[in-house]
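*Asks:* What would the 3D arrangement of this be:
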Amino acid sequence: MALTIGLKRIGVVVAGCLASSAALAAGDIGGATLGVAWALPFAGMLLSIALGPVLFPHLWELNYGKFAAFWAMLVLVPLVLFRGFDPTLGALLHTGLLDYVPFIILLFALFTIAGGILIMGNLHGTPATNTVLLAIGTVLASFVGTTGASIIMIRPVLRANDSRRHNVHVVVFFIFLVSNIGGSLTPLGDPPLFLGFLRGVSFFWTTTHLLPETAFAVAALLALFFALDSWLYRKDEGLPPLKDPTPDRAIKLYGKVNIALLGGVILAILMSASWKPGIVFDVRGIQVELQNLVRDVILLALAGISLKLTPGPVRAGNEFSWGPIKEVAKLFAGIFVCMIPVLAMLQAGRDGAFASLVALVSNPDGSANTVAYFWLTGILSSFLDNAPTYLVFFQLAGGDPVQLMTTGALTLTAISAGAVFMGANSYIGNAPNFMVYAIAKDRKVAMPSFFGYMLWSGAILIPLFLLQTVIFFR
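*Replies:* Reported below is the predicted structural model:
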């Protein structure tokens, strides 16, 4: 904390000294003149998130906020020194008010409300039951987010299979479907899609344009899961039964009021997309629209109602705590700050430092190479956070939502699918993955190691994505 405060004070002092010498307009940091070195803090931030929990988990758990502050200050202080105070403040306000704050408010609301829905009881984990549970979780993910759906569904799935010798595959497919691919049909489903919504992508554009790819992936994975689970279930039947620590009993749903509150979240998002009163508030040149302010206030109010109306034992049953959302808030603050120069360079296109990357995702005639967009977005999303990865390639594709939703629809579909689908390739590709892994391991499921899981994803998901490339993106 002291380091964070100290760095902030240094940044403020330096900014004050150089305020009068700002040569650029507020918010304009001159992306075309920035070198690749400006992207190093962004890379360092993402690598810290990817490797910290694996290489030094205890240090990371205690100091992730300081890591985020360190990388953020490596961006802000040089920006003030070399670009001036006003451009830096303008860029920071633009990122904070238009991207970061709405993004965190939505995650907070979904996390709070979904954490108040508890499923108790137990079913017998037959292949048919497991397939239905995975299908329910997959659909749920697009409405409560992949994190919310994982919180709600993982414990019932684990209880249903805790008397089976072979149950690792159930959790692996749960991560594939519920924690990742299921969140691809609405901006509520996965953080990158909501960032696209904030950038101007229509709410139902995602539903209509990603439905074929999502339906294909989900149908293929559920069919494969049912076949594999049936084979392993028959193997279990030939062995002495294990004691069931959670005998079958009727399923009960608690915290039903939160289902209505989730409906309120959806309506609030739709309201902000359709209601355009034309009222804006100018914050040092940043235009904040009234409908977006109203949306964010409603989301916070719905989260507050959930906290008020949900009984404590219901949240306790979900082992609910504020730790995960605090971590997300701090880490994404660092990510969004570190992205400021990266997005500015991408916006410069062929005139910027990432001209070679622009060429990589472009065909010789200048058109977008959708296969490259799908795989590059996906590969990075497999090991780095998929939300900033989505924004990077969204900007690389031009950053104009109207163009991307029409003439560039296939490109935006490839970026969206790559970010959401391939987050399932590793434990660190999407936030719910590691959470599900930790819960399952705590429940004595012999989960595969980091690389062991990648053998699963490599054997199952990579062939699926190659097939999707041929069918949808060529």
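
*Asks:* alpha carbons only for contacts and neighbour counts from here, please
*Replies:* OK.

*Asks:* Next one, pLDDT for Leu51 please.
*Replies:* Here the pLDDT value assigned to Leu51 is 82.

*Asks:* Can you report how many residues lie near it?
*Replies:* By other Cα atoms under 10 Å, the residues close to Leu51 number 15.

*Asks:* Next up, phi/psi of it, please.
*Replies:* phi -100, psi -30 (degrees, to the nearest 10).

*Asks:* Compute the distance between Ile335 and Ala372, please.
*Replies:* Noted for Ile335: a distance of 24 Å to Ala372, by Cα to Cα, to the nearest Å.

*Asks:* out of the two, which sits in the more crowded spot?
*Replies:* Ile335 (26 against 21).

*Asks:* wait, what's in contact with that one?
*Replies:* Phe42, Met45, Leu46, Ala68, Ala72, Pro388 (Cα atoms under 8 Å, 6 or more residues apart in numbering).

*Asks:* What helix or strand is the closest residue to Gly65 other than its chain neighbours located in?
*Replies:* Spatial nearest neighbour of Gly65, chain neighbours left out: Lys330 (5.7 Å); criterion: Cα to Cα, 6 or more residues apart in numbering. Assessed by DSSP states H and E, Lys330 sits inside helix 323-347.

*Asks:* Show me the contact partners of the helix or strand just after that helix.
*Replies:* The helix or strand immediately downstream of helix 323-347 is helix 355-360, counting by DSSP H and E. Helix 355-360 is contacted from outside by Gly349, Arg350, Ala372, Leu396, using Cα under 8 Å, 6+ apart.

*Asks:* Okay, now the unreliable bits of the stretch 251-400 of the chain?
*Replies:* Judged against pLDDT under 70, the low-scoring parts of the stretch 251-400 of the chain cover residues 384.

*Asks:* Tell me both backbone torsions, phi and psi, for Phe281.
*Replies:* phi -120, psi 130.

*Asks:* ok, the spatially most central residue of the chain to Ser457 distance?
*Replies:* Geometric centre of the chain, nearest residue: Pro191, 3.6 Å, by Cα atoms, centre = their mean. Going from Pro191 to Ser457 by Cα to Cα gives 21 Å.

*Asks:* all strands of the stretch 101-250 of the chain, in order?
*Replies:* With strands called from DSSP state E, counting those that start in this stretch, the stretch 101-250 of the chain shows them at 118-122, 249-254.

*Asks:* do you know which of the ones you listed lies nearest Ile105?
*Replies:* strand 118-122 (22.3 Å; Cα to Cα).

*Asks:* Any buried residues in that closest one, and which?
*Replies:* Leu118, Ile119, Met120, Asn122 (16 or more other Cα atoms under 10 Å).

*Asks:* With stretch 206-215 instead?
*Replies:* Thr206, Thr207, His209, Leu210, Glu213, Thr214.

*Asks:* How about stretch 442-457?
*Replies:* For stretch 442-457, a neighbour-count test (16+ other Cα under 10 Å) marks Val445, Met447, Pro448, Tyr453, Met454, Trp456, Ser457 as buried.

*Asks:* Could you do stretch 70-84 as well?
*Replies:* 70-81, 83-84.

*Asks:* Reformat the residues you listed into JSON lines and put distance to Ile462, pLDDT and secondary structure next to each item.
*Replies:* Converted to JSON lines, those look like this (distance: Cα to Cα, whole Å; pLDDT from 0 to 100; DSSP: H, G, I helix; E, B strand; the rest coil):
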{"residue": "Phe70", "distance to Ile462": "36", "pLDDT": "96", "secondary structure": "helix"}
{"residue": "Trp71", "distance to Ile462": "33", "pLDDT": "96", "secondary structure": "helix"}
{"residue": "Ala72", "distance to Ile462": "34", "pLDDT": "96", "secondary structure": "helix"}
{"residue": "Met73", "distance to Ile462": "38", "pLDDT": "96", "secondary structure": "helix"}
{"residue": "Leu74", "distance to Ile462": "36", "pLDDT": "95", "secondary structure": "helix"}
{"residue": "Val75", "distance to Ile462": "36", "pLDDT": "95", "secondary structure": "helix"}
{"residue": "Leu76", "distance to Ile462": "39", "pLDDT": "95", "secondary structure": "helix"}
{"residue": "Val77", "distance to Ile462": "41", "pLDDT": "95", "secondary structure": "helix"}
{"residue": "Pro78", "distance to Ile462": "41", "pLDDT": "94", "secondary structure": "helix"}
{"residue": "Leu79", "distance to Ile462": "40", "pLDDT": "93", "secondary structure": "helix"}
{"residue": "Val80", "distance to Ile462": "44", "pLDDT": "93", "secondary structure": "helix"}
{"residue": "Leu81", "distance to Ile462": "45", "pLDDT": "92", "secondary structure": "helix"}
{"residue": "Arg83", "distance to Ile462": "43", "pLDDT": "89", "secondary structure": "helix"}
{"residue": "Gly84", "distance to Ile462": "46", "pLDDT": "89", "secondary structure": "coil"}
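
*Asks:* For the stretch 51-200 of the chain, give me the ranges with low pLDDT.
*Replies:* In the stretch 51-200 of the chain (pLDDT under 70), no residue qualifies.

*Asks:* Let me see the ranges of the helices in it.
*Replies:* Ranges of helices within the stretch 51-200 of the chain are 57-83, 85-95, 101-114, 127-160, 168-177, 191-198, based on DSSP state H, counting those that start in this stretch.

*Asks:* how about these, which one is nearest Phe354?
*Replies:* Nearest of the helices of the stretch 51-200 of the chain (Cα to Cα): helix 57-83, 17.8 Å.

*Asks:* and that closest one with helix 85-95, angle?
*Replies:* 130 degrees (axes from the mean of the first three to the mean of the last three Cα atoms, to 10 degrees).

*Asks:* re the thing from before, pull the contacting residues for the residue nearest to Gly65.
*Replies:* Contacts of Lys330 by Cα under 8 Å, 6+ apart are Tyr64, Gly65, Ala68.

*Asks:* and the gap between the second one and Thr147?
*Replies:* Just to be clear, that refers to Gly65. From Gly65 to Thr147 the distance is 21 Å (Cα to Cα).

*Asks:* More neighbours: those two, which one.
*Replies:* Applying other Cα under 10 Å to Gly65 and Thr147 shows that Thr147 carries more neighbours, namely 27 against 21.

*Asks:* what residues are up against that one?
*Replies:* Phe111, Ala141, Ser179, Ala431, Pro432.

*Asks:* Save the residues you listed as TSV, and put in neighbour count too.
*Replies:* Written out in TSV, the entries for these read as follows (neighbours: other Cα atoms under 10 Å):
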residue	neighbour count
Phe111	22
Ala141	29
Ser179	35
Ala431	18
Pro432	24
